[in-house]
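# any chance you could fold what I've pasted below:
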Amino acid sequence: MGRVATLTLYFRDGCHLCEEMQELLGELLDPASYQLKRVDIDADPALRAEYNELVPVLKLGETELCRYFLDLKSVQQALAGYNSVVEP
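Now for the predicted structure:
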């Protein structure tokens with residue numbers, strides 16, 4: 001089997017939108033189709049400056065898929081494109 005996409009969730013502790021996005025990812029997507037990397041923006045001053053009022057932000061690589069609320073269609077399309085890449 002090929003590699004699995006890594007989604008990066010930029011979040012902050014106590015953010016209800018961040019918690020909701022993570023819960024929805026777990027409920028609505030096949031867990032075998034991605035890995036989730038959680039990044040607490042408050043642990044890094046540069047990330048806090050970049051994402052302070054924007055969290056949650058979900059990315060695949062450098063591509064932002066959604067912020068504030070889960071855009072399920074966008075995430076599914078990104079994962080489908082990533083997971084359909086044929087490796088040699």
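# what about the chain, any weak spots by pLDDT?
1-2, 83-88 (pLDDT under 70).
# tell me where it has strands.
Under the criterion DSSP state E, the chain contains strands at 5-11, 34-40, 57-60, 63-67.
# what is the burial count for Cys18?
22 (other Cβ atoms under 10 Å). All C-beta spots, glycine's among them, are computed from the backbone N, C-alpha and C.
# please name the nearest non-neighbouring residue to it.
Nearest non-adjacent residue to Cys18, counting by Cβ to Cβ, 6 or more residues apart in numbering: Phe11, 3.7 Å away.
# just give me the neighbour total for the one you found.
Residues lying near Phe11 (other Cβ under 10 Å) number 22.
# that one against Lys59, yeah?
No. Contact criterion Cβ atoms under 8 Å: Phe11 and Lys59 do not qualify, at 11.9 Å.
# what are the bridge partners for the residue positioned nearest the centre of the chain, then?
Nearest to the mean C-alpha position of the chain, by Cα atoms, centre = their mean, lies Leu58 at 3.2 Å. In this structure, Leu58 bridges to Leu9, Cys66 when assessed by DSSP bridges.
# shouldn't Tyr82 be in contact with Leu60?
Yes. With contact defined as Cβ under 8 Å, Tyr82 counts as touching Leu60 (6.5 Å).
# what sits in contact with each of these two?
Among the neighbours of Tyr82, those also in contact with Leu60 (Cβ atoms under 8 Å, 6 or more residues apart in numbering) are Ala5.
# contacts for stretch 60-74?
Stretch 60-74 is contacted from outside by 5-8, 17, 20-21, 24-25, 28, 54-59, 75, 78-79, 82, using Cβ under 8 Å, 6+ apart.
# what about Arg67, neighbour count?
Other residues close to Arg67 by other Cβ under 10 Å number 18.
# and the gap between it and Tyr10?
As judged by Cβ to Cβ, to the nearest Å, Arg67 and Tyr10 stand 9 Å apart.
# fine by me, thanks again.
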